[in-house]
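Undergrad: What follows is a predicted structure for the sequence shown.
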Amino acid sequence: DGTDVLSLLNKSSDEPELGSFLMEIFPKEVWISKVFKCYAYNGKVFPIFKNYFYQGRNVQSNGFLPLFPSDEQKAIFQNIVEKRKEPMVQDIHEPYQINSLVDKCIDRIVQVGKKNGSEIIFFTSPSLFIIDEDVRAHTKSYFDSKGIKYIDDVNFFKGVDLDLWQDYTHMSDKGAEIYSQRLLKEFEALRLK
């Protein structure tokens, strides 16, 4: 529904353009965050402390740490997969409509990209959820209609290889490494078009 863009609220005071965009679509939350500075960090304080104290100060990352599922986590996930009688199907129903807030966010991302001279490419990353072919076609059609480059890799991995997954939507370090190589090639191919 587009409200996940509020996860960037704590960055709005550092990035004026982001702040003005959030003010357009979520004025109440922006004003509350201006009055109560801690409001923008709701739900983020404990993870920040946890990462600071438990990840170690020598961890070099760009904001993402690789997932290395333990044998116990793999066994739990395998049990979940085996107990399901049917594949996990993403629950999306007709008529397929893009939420107006999501549409506005995408338009703004493209606008900022053009202003900065950046090339914007949207993509759907691999998932173990089954996504209906009509939904996938509608998504591609949406981006095509806006002249935006789009990659659909939801079915990149065939079958369930537990070494490649943390859960149904998060790849393990091994899966992310394999997919990153693929995505790099796809980006390079799109740039050459």
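TA: Now that the structure is in, tell me what you want to look at.
Undergrad: model confidence over stretch 108-117, on average?
TA: Stretch 108-117 shows a mean pLDDT of 91.
Undergrad: er, stretch 27-43 I mean
TA: Stretch 27-43 comes out at a mean pLDDT of 69.
Undergrad: now do stretch 66-78
TA: Mean predicted lDDT for stretch 66-78 stands at 87.
Undergrad: going forward, begin numbering at 215 instead of 1
TA: Yep, numbering from 215; the last one is stretch 280-292 now.
Undergrad: what does that stretch contact?
TA: 376, 377, 379, 380, 381, 384, 385, 386, 387, 390 (Cβ atoms under 8 Å, 6 or more residues apart in numbering). In this view, the C-beta of every residue, glycine as well, is placed from N, C-alpha and C.
Undergrad: which of those lies closest to residue 350?
TA: residue 385 (19.2 Å; Cβ to Cβ).
Undergrad: where does the chain dip in pLDDT?
TA: Confidence mapping of the chain against pLDDT under 70 gives the ranges 215-216, 249, 251-278, 299-305, 307-309, 407.
Undergrad: residue ranges for the helices of it, please.
TA: 230-239, 241-249, 259-268, 285-297, 314-330, 347-359, 387-406 (DSSP state H).
Undergrad: Can you give me the neighbour number for the closest residue to residue 312 other than its chain neighbours?
TA: Among residues not flanking residue 312 along the chain, residue 356 sits closest, at 5.8 Å (Cβ to Cβ, 6 or more residues apart in numbering). Using other Cβ atoms under 10 Å, residue 356 has 18 neighbouring residues.
Undergrad: So residue 356 sits against residue 316, correct?
TA: No. When contacts are counted by Cβ atoms under 8 Å, residue 356 is not listed as touching residue 316 (9.8 Å).
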